[in-house]
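Colleague: need coordinates for the following:
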Amino acid sequence: MNIRKLRLFDTENALSSEDRDEYEKDYARLIQSPAFRRLQGKSQVFGAGSGDYYRTRLTHSLEVSQIAREVARRLDKTESFLSRKEHPGLMMDPEVVECAALAHDFGHPPFGHKGEEILNLILRERYGMAYEGNAQNFRILMFLEKRAGSERGLDLTAAVLLAINKYPVSIEEPGRLKGVYGMEWEGIKHLRDVWGMPERRATLEAQLMDLCDDIAYSTHDIEDGMRAGKIQLNPNFFEDERLVDNVVQEIVDDAGNSEVRWDEVDRKSMVRRVLADYCRQWEAIYAQCGREASRARREIKARWVGKFANQVGIIDDPNIGWKRVTFVRDGQEDLDLLRTMEILKKLAWVTMIKDVRVQRLQKRNEIIVRRLWDSFSDVETGKLILPPDWIESYRQHKSKWPWERMVADYIAGMTDAYAEKVYSELYASRTGSIYERD
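Modeller: Coordinates of the predicted model:
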């Protein structure tokens, strides 16, 4: 048996007789799922529905999958050790990485990171539980989604599930902020044990998916920021000391940046250099494109995607006893390029997420999520106003998870527009017809 194609709940492939590769079936299950379609209505940076131009979680996921698939193809040809198939976690199948990238944001609730933050605060403060987008991915994929012939999620192959699992730990371990909820961790841990995966180590495919997500964020979100006028394309903007200081502060505050070894460089000087280089590059491309801003935006985005994607490689990491996917130059980790990507990510964050209008929108979104929670959190009241199929599912499974987890599942599955619609039904002075279908 090919353990990479093992399915937790369909080990004999009895529920599918189609003459397709197992990963092709995974791809079809993902893109035909309601969870995938709902990504079109969930915020990436700007609220879904802000305009036809801006990215949503759906377009972001598609772009990540395209980058990840192409990089995986290159690595599979250029990294000779991959052909030896030494270990199921040390392989690089482009179809697996593509599927993982398509599914990597399924667990994000409405209103982007603000929705995730508020749900987590509510669950932790009131119930001692957690909400985390990566963990919710597996709750959706392994339980909440239903496919024909299965009552247990989409039942994806082991390779795809583990390629989505960039935090291979249980979130219920003390001190863990990211990971997998306990119920789904049992299945993930079983697959990791079958594979013989080292503790707390992600597969190469999961590492690549994660890095390509960062590549997309640091390039595509900046393109959206340019189009929205939040990133002004002139030297005065990029040389502004407040901007530089804000980017530096975001770097300092990011506890997950330790691997980039910021202590070895002067953060402020490097931020200034990267921003100045980016501005000069824009001016050159803008001139080359006949001063056509739309074309120049696409071109600078494409060049940065290419720059990052072409530097992705695999190194041995003796500190962890496992291989690592990262930017590589001359056989060594390219820390300068990693830091550059982090600076561009922080640029997108401080110019868009920290923008006053976006902050006002996020405050409104926080109010919506909190009041939806207050409406559904009481069991007896909630049973009257939640959809009947959710109530029936709760009755069947309440021995495994509490009412609060079900309410979090319901709110997290909403698109931005649907969350606003339900909020209006509950709190606005006037709503549409009661015969409108959800």
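Colleague: with adjacent residues omitted, what lies nearest to Ile222?
Modeller: The shortest distance from Ile222 to any non-neighbouring residue, by Cβ to Cβ, 6 or more residues apart in numbering, is to Ala348 (5.1 Å). Every residue, glycine included, has its C-beta placed from N, CA and C.
Colleague: and the gap between that neighbour and Ser218?
Modeller: Plainly put, Ala348 is 7 Å away from Ser218 if you go by Cβ to Cβ, to the nearest Å.
Colleague: quick one: mean pLDDT for the top helix by length along the chain?
Modeller: Counting by DSSP state H, the longest helix found in the chain is helix 204-227. Across helix 204-227, the average pLDDT comes to 94.
Colleague: packing partners for that helix?
Modeller: Judged by 3 or more Cβ pairs under 8 Å, 6 or more residues apart in numbering; DSSP states H and E, helix 204-227 is in contact with helix 57-78, helix 94-103, helix 158-164, helix 293-310, strand 312-317, strand 322-329, helix 335-348.
Colleague: quick one: closest of these to Ala417.
Modeller: Comparing the helices and strands packed on helix 204-227 by their distance to Ala417 (Cβ to Cβ), the top pick is helix 57-78, with 13.1 Å.
Colleague: helices of the stretch 101-250 of the chain, residue ranges please.
Modeller: In the stretch 101-250 of the chain, the helices defined using DSSP state H, counting those that start in this stretch lie at 112-127, 133-139, 158-164, 182-195, 204-227, 235-238, 241-253.
Colleague: highest mean neighbour count out of the ones you listed?
Modeller: Most buried of the helices of the stretch 101-250 of the chain, by mean neighbour count (mean count of other Cβ atoms under 10 Å): helix 158-164, with a mean of 29.
Colleague: didn't the residue nearest to Ile222 look like it was pressed against Asp221?
Modeller: Yes. The pair Ala348 and Asp221 qualifies as a contact (Cβ atoms under 8 Å) at a distance of 4.3 Å.
Colleague: what about Arg280, how many neighbours?
Modeller: For Arg280, the neighbour count with other Cβ atoms under 10 Å is 12.
Colleague: just want the angle from the host helix or strand of it to helix 204-227.
Modeller: Assigned by DSSP states H and E, Arg280 falls within helix 267-288. In terms of direction (axes from the mean of the first three to the mean of the last three Cα atoms, to 10 degrees), helix 267-288 departs from helix 204-227 by 70 degrees.
Colleague: elements contacting helix 267-288?
Modeller: For helix 267-288, the elements it packs on are helix 235-238, helix 241-253, helix 293-310, helix 335-348, judged by 3+ Cβ pairs under 8 Å, 6+ apart.
Colleague: need the CA coordinates for it. PDB is fine.
Modeller: In PDB, the C-alpha atoms belonging to helix 267-288 read as follows (Å, rounded to 0.1, in the frame of the first residue of the first chain):
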ATOM      1  CA  ARG A 267      16.800  46.500  11.400                       C
ATOM      2  CA  LYS A 268      16.200  50.100  10.700                       C
ATOM      3  CA  SER A 269      18.900  50.400   8.100                       C
ATOM      4  CA  MET A 270      17.700  47.300   6.300                       C
ATOM      5  CA  VAL A 271      14.100  48.500   6.200                       C
ATOM      6  CA  ARG A 272      15.300  51.800   4.800                       C
ATOM      7  CA  ARG A 273      17.400  50.000   2.100                       C
ATOM      8  CA  VAL A 274      14.600  47.600   1.100                       C
ATOM      9  CA  LEU A 275      12.000  50.400   0.800                       C
ATOM     10  CA  ALA A 276      14.300  52.600  -1.100                       C
ATOM     11  CA  ASP A 277      15.200  49.800  -3.500                       C
ATOM     12  CA  TYR A 278      11.600  49.000  -4.000                       C
ATOM     13  CA  CYS A 279      10.800  52.600  -4.800                       C
ATOM     14  CA  ARG A 280      13.700  52.800  -7.300                       C
ATOM     15  CA  GLN A 281      12.500  49.600  -9.000                       C
ATOM     16  CA  TRP A 282       9.000  50.900  -9.300                       C
ATOM     17  CA  GLU A 283      10.200  54.100 -10.900                       C
ATOM     18  CA  ALA A 284      12.200  52.200 -13.500                       C
ATOM     19  CA  ILE A 285       9.400  49.800 -14.300                       C
ATOM     20  CA  TYR A 286       6.800  52.600 -14.400                       C
ATOM     21  CA  ALA A 287       9.000  54.300 -17.100                       C
ATOM     22  CA  GLN A 288       9.400  51.000 -19.000                       C
END
